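Pasting a predicted model and its sequence here:
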Amino acid sequence: MKKLIPVFLLFFSIHTLTAQIDWSVNLGGGVTYLEDVFGDYPWPHYTGGAMFQAGTSISSLFMKEGMVGWEAGVNIITSGYYLVPDKDMNGSSTGINWDYANRTSHRDWYVQVPVSFSFNMFEGTGFLLGARINRRLTNINRYTDSFPKWIPAAHLGVFTHISPRIRLDATAFMDLTKRLDIKNPLSKGLREYGDSLNIRYTLK
């Protein structure tokens, strides 16, 4: 791995001399869910909540006038969910009487570092494919040690340029690892997934 670092730095130095790097800021929001996506265990039960993000990024094309590029950034993220209790507390996986009227709100804060490949397919409109790492900032006593501080995720999106400087992004994302572990053989752990809509403005 250490041998690859000088190669990467050399590539990046040459790339910055031959391609334009744009600096942008972004602002947006969406909705997030916390669910046992790959399991079959109903506890705990969360409903979706609002997510907001703001950040900055740099981006460029791999080749001048090319279609494929890259972008990397740093965002501040806050995502929320609603924990829904069972009215009867019967512990049954069927016929649960969820008490949506008494749901409780939970909100977490993260620093997020996304890295993406961009594919400019249709004159200003294209696709994004990449990964992101979320670093939890909130000190949450309600979670056990199984709730990790570092959470990798993947994302897929589409974008379109409203003007040369303004771009609209619509992105879907999901955790790659468990965000909250459930000690039950029917559970695969809770993962966050959702979608967002963001406005990106190029400063330079």
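Thanks, I have it. Numbers count the residues shown, from 1 in each chain.

what about the spatially most central residue of the chain, helix or strand, and which?
In the chain, the C-alpha nearest the mean C-alpha coordinate belongs to residue 173, at 5.1 Å (C-alpha atoms, centre = their mean). For residue 173, the host element (DSSP states H and E) is strand 166-175.

Excluding covalently adjacent residues, which one is nearest to residue 203?
Nearest non-adjacent residue to residue 203, counting by C-beta to C-beta, 6 or more residues apart in numbering: residue 23, 5.1 Å away. Bear in mind the C-beta positions are built from the backbone N, C-alpha and C, glycine included.

what's near enough to touch the one you found?
56-58, 202-204 (C-beta atoms under 8 Å, 6 or more residues apart in numbering).

Just the buried ones out of those, please.
With burial judged by 16 or more other C-beta atoms under 10 Å, the buried subset of the contacts of residue 23 is 57, 202.

other SSEs contacting the strand holding residue 173?
Strand 166-175 sits against strand 22-35, strand 125-136, strand 150-161, strand 191-202, with contacts defined as 3 or more C-beta pairs under 8 Å, 6 or more residues apart in numbering; DSSP states H and E.

And the last one, what's buried?
Neighbour-count burial for strand 191-202 flags 191-196, 198, 200, 202 (criterion: 16+ other C-beta under 10 Å).

could you dump these to JSON lines with pLDDT?
Listed next are the buried residues of strand 191-202 as JSON lines, based on pLDDT from 0 to 100:
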{"residue": "191", "pLDDT": "92"}
{"residue": "192", "pLDDT": "93"}
{"residue": "193", "pLDDT": "95"}
{"residue": "194", "pLDDT": "95"}
{"residue": "195", "pLDDT": "95"}
{"residue": "196", "pLDDT": "96"}
{"residue": "198", "pLDDT": "96"}
{"residue": "200", "pLDDT": "96"}
{"residue": "202", "pLDDT": "94"}
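
List just the nearest of the residues you listed to residue 126.
In terms of C-beta to C-beta, no member of these lies closer to residue 126 than residue 200, at 13.2 Å.
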